[in-house]
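Asks: return a 3D structure for these sequence lines:
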Amino acid sequence: MHYLYIGLGGFLGAIVRFTLGQALSKRSKGTFPTGTLIINLTGAFLLGLFLGTPAFAHIFGNGLLLAITTGFLGAYTTFSTFSYEVVRLAEDGEIVNALTYLTGTLILGLLFALAGHALSGMLMQLTR
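Replies: Numbers count the residues shown, from 1 in each chain. The predicted structure is shown next:
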């Protein structure tokens, strides 16, 4: 049954990523991959939030938590697209954008995951 939850979550996550990525790319100017950056940062934050405390497993149950984290967020975020975009920017001679995107995604991704984790802990404290 867990595979079904993960598959359904992944299906939805991929659709949301595609839809949001398209909408963000229409709004951004230039070649900087703003859409992928925003998607990956919000995904890191949400994963930190949902996995930051065992309370979410009790609230949602293991099946739904797997659907959200492994399924939805696994398909929503995209390391492969991020990697390709860094290579593409570098190949196009946009070294500053490539390095900014690379380091920004890594550093901000960790900070967003940490912020989600911290918020999860605060929410846990409020519910006690």
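Asks: and the worst-scoring helix or strand of the chain on mean pLDDT, what does it pack against?
Replies: Every helix and strand of the chain was ranked by mean pLDDT, DSSP states H and E. The lowest is helix 55-66, at a mean of 87. Packing partners of helix 55-66 (3 or more C-beta pairs under 8 Å, 6 or more residues apart in numbering; DSSP states H and E): helix 2-27, helix 34-51, helix 95-126. C-beta here means a position set from N, CA and C on the backbone, and glycine is covered the same way.
Asks: so what pLDDT did the residue minimising distance to the centre of the chain get?
Replies: Of all residues in the chain, the one closest to the mean position by C-alpha atoms, centre = their mean is Gly43, 2.0 Å from it. For Gly43, the pLDDT comes out at 96.
Asks: how about it: what's its closest non-neighbour residue?
Replies: Thr77 (3.5 Å; C-beta to C-beta, 6 or more residues apart in numbering).
Asks: surely that neighbour touches Ile39?
Replies: Yes - in this structure Thr77 lies within contact range of Ile39 using C-beta atoms under 8 Å: 6.4 Å.
Asks: between the two, what contacts are shared?
Replies: Applying C-beta atoms under 8 Å, 6 or more residues apart in numbering, one finds that Thr77 and Ile39 are jointly contacted by Arg17.
Asks: mind listing what the residue nearest to the centre of the chain touches?
Replies: Counting by C-beta under 8 Å, 6+ apart, Gly43 makes contact with 73, 76-77.
Asks: which ones among those map onto helices?
Replies: Mapping the contacts of Gly43 onto helices (DSSP state H) picks out Tyr76.
Asks: could you dump the contacts of Gly43 to TSV with pLDDT?
Replies: As requested, the contacts of Gly43 are exported to TSV (pLDDT from 0 to 100):
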residue	pLDDT
Leu73	96
Tyr76	97
Thr77	96
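Asks: closest one to Leu20 out of the contacts of Gly43, please.
Replies: Tyr76 (8.5 Å; C-beta to C-beta).
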